[in-house]
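Enquirer: Here's a sequence, model it:
(one chain, ligands or ions: 2)
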Amino acid sequence: MIELEGLTKRYGEKVAVNHLTFTVRPGVVTGFLGPNGAGKSTTMRMLLGLDHPTAGDVRIDGRHYDQIRHPLTYIGALLDAKAMHGGRSAFNHLLCLAQSNGITKSRVAEVLDTVGLTAVAKKKAKGFSLGMGQRLGIAGALLGDPQILMFDEPVNGLDPEGIHWIRNLMKSLAAQGRTVFVSSHLMSEMALTADHLVVIGQGRLLADTSMADFIRQNSRSYVRLRSPQQERLRDVLRQAGITAVEAGNGTLEVDGARSERIGELAAKHQLVLHELSPQQASLEEAFMQLTAESVEYHAHAETGPPDTDGWAGGPGSASPGAGGGWGEQWAREQRQKKTGS
Ligand SMILES: Nc1ncnc2c1ncn2[C@@H]1O[C@H](COP(=O)(O)OP(=O)(O)OP(=O)(O)O)[C@@H](O)[C@H]1O
Ligand SMILES: [Mg+2]
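Expert: Numbering: from 1, shown residues only. Ligands and ions are numbered 1, 2, ... in the order given. As a prediction, this is how the structure comes out:
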């Protein structure tokens with residue numbers, strides 16, 4: 001278990017991590033999400049004693065990292081895959097780590113095999129590709145067979161087979177009852193891997209919740225309809241107290257009504273439907289809604305009109321006039337609803 005209590009880190013004027021309090025529990029994969037510069041890596045460095053908190057505390061199974069005698073046997077971490085002596089072979093790099101933590105030589109060969117690097121075990125790490133370096137870093141994390149594992153963007157540079165492998169590895173480590181804490185910007189991958197999410201923005205905690213609740217609470221689910229009898233359908237729905245909003249391209253969108261009810265009403269009035277589909281937002285959409293106001297580094301299109309076609313207009317955004325501000329406005333409305341203001 002990893003416990004953070006009011007964890008804070010300042011670099012001069014910059015508050016990189018701002019009073020973070022949460023617990024990472026065993027038995028599940030916990031995703032650690034946040035926009036660029038949100039403070040994820042800084043938090044992870046403090047956990048490993050590589051940075052000192054300005055205030056607050058972080059403990060691993062009740063202890064500070066520097067109080068643990070053979071830390072690799074408690075917590076394995078991949079923070080920066082390039083943080084190794086390039087002149088050493090993969091085998092020797094791991095052997096040095098093993099010897100400093102009372103781990104046997106045979107375990108080195110074992111983890112190299114696990115990550116698929118046996119064939120290049122004698123090759124110098126400086127000649128490794130990005131993905132090979134990530135695999136070696138993951139081997140280092142697994143070396144001490146620890147109960148707690150922490151990975152900072154582990155899928156960076158991995159090929160599809162590698163991504164699939166690490167997804168299954170993290171799930172199986174959690175299923176064995178271990179604590180798995182992983183950061184990533186690949187939302188589709190996180191959606192498949194993590195059971196629980198901790199989301200931060202500008203150093204502050206934004207969410208600490210299950211994946212399912214996170215998506216439910218931070219996104220819009222609605223039903224999309226298409227009918228050649230659109231006007232009659234809207235009337236029928238209106239009479240039943242259901243509002244259908246035109247969303248362009250001949251589609252209607254309905255919030256707050258189940259597709260079953262809409263389908264039954266249409267059948268009762270003998271209306272033809274060409275589409276009746278419940279839309280559930282993805283993790284990426286939910287994440288962008290929640291963090292819209294805490295993104296520090298925005299990219300800007302060089303030319304052309306704002307994207308009204310893609311995500312910028314919100315989930316299933318066919319709504320006309322929806323621009324980049326939609327997410328922010330939506331996020332504000334959601335927060336107002338929650339606080340009742
Ligand atoms: N050693 C440092 N000195 C000064 N500022 C730092 C230092 N390390 C991090 N920061 C600042 O702290 C903030 C958080 O950085 P951090 O690397 O923790 O973010 P992150 O969430 O890991 O981002 P990314 O997703 O881009 O990896 C950033 O504004 C960064 O510039
Ligand atoms: Mg980082």
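
Enquirer: Please report the distance of Val180 from Gly49.
Expert: Taking CB to CB, to the nearest Å as the measure, Val180 falls 20 Å from Gly49. In short, each C-beta sits where N, CA and C put it, glycine included.

Enquirer: Repeat that for Ala119.
Expert: 34 Å.

Enquirer: Looking at these two, which is more packed in?
Expert: Set Ala119 next to Gly49 and count neighbours by other CB atoms under 10 Å: Gly49 wins out with 16 against 9.

Enquirer: Just the pLDDT for that one.
Expert: Gly49 is assigned a predicted lDDT (pLDDT) of 93.

Enquirer: I'd guess it is in a strand, am I close?
Expert: No. Read with DSSP: H, G, I helix; E, B strand; the rest coil, Gly49 is coil and lies in no strand.

Enquirer: got the contact list for it?
Expert: Applying CB atoms under 8 Å, 6 or more residues apart in numbering to Gly49 gives the contacts 64-66.

Enquirer: which among those residues end up buried?
Expert: Tyr65 (16 or more other CB atoms under 10 Å).

Enquirer: Pick the one among the contacts of Gly49 closest to ligand 2.
Expert: Ranked by distance to ligand 2 (CB to the ion), the contacts of Gly49 are led by Tyr65 at 18.6 Å.

Enquirer: Can you report phi and psi for that closest one?
Expert: Reported as degrees, to the nearest 10, the phi and psi values for Tyr65 are phi -50, psi -40.

Enquirer: List the residues that contact whichever residue of the stretch 151-300 of the chain sits closest to ligand 2.
Expert: Residue of the stretch 151-300 of the chain nearest ligand 2, by CB to the ion: Asp152 (5.9 Å). Residues near Asp152 by CB under 8 Å, 6+ apart: 40-41, 44, 77-80, 182-183.

Enquirer: List the beta-bridge partners for it.
Expert: Per DSSP bridges, the residues bridged to Asp152 are Ser183.

Enquirer: so how far is Asp213 from it?
Expert: Distance, Asp152 to Asp213, by CB to CB: 25 Å.

Enquirer: could the contacts of Asp152 go into a markdown table alongside distance to ligand 2, pLDDT and neighbour count?
Expert: What follows is the contacts of Asp152, written out as a markdown table (distance: CB to the ion, whole Å; pLDDT from 0 to 100; neighbours: other CB atoms under 10 Å):
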| residue | distance to ligand 2 | pLDDT | neighbour count |
| --- | --- | --- | --- |
| Lys40 | 5 | 97 | 24 |
| Ser41 | 3 | 96 | 20 |
| Met44 | 8 | 97 | 22 |
| Ala77 | 13 | 94 | 23 |
| Leu78 | 12 | 93 | 26 |
| Leu79 | 9 | 92 | 18 |
| Asp80 | 9 | 81 | 14 |
| Val182 | 12 | 97 | 26 |
| Ser183 | 7 | 96 | 23 |
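
Enquirer: Show me the subset of those that also lies near ligand 1.
Expert: Counting by CB under 6 Å from any ligand atom, the subset of those that neighbours ligand 1 consists of 40-41.

Enquirer: Determine which two of the contacts of Asp152 are furthest apart.
Expert: Largest separation among the contacts of Asp152 by CB to CB: Asp80 and Val182, giving 14.8 Å.
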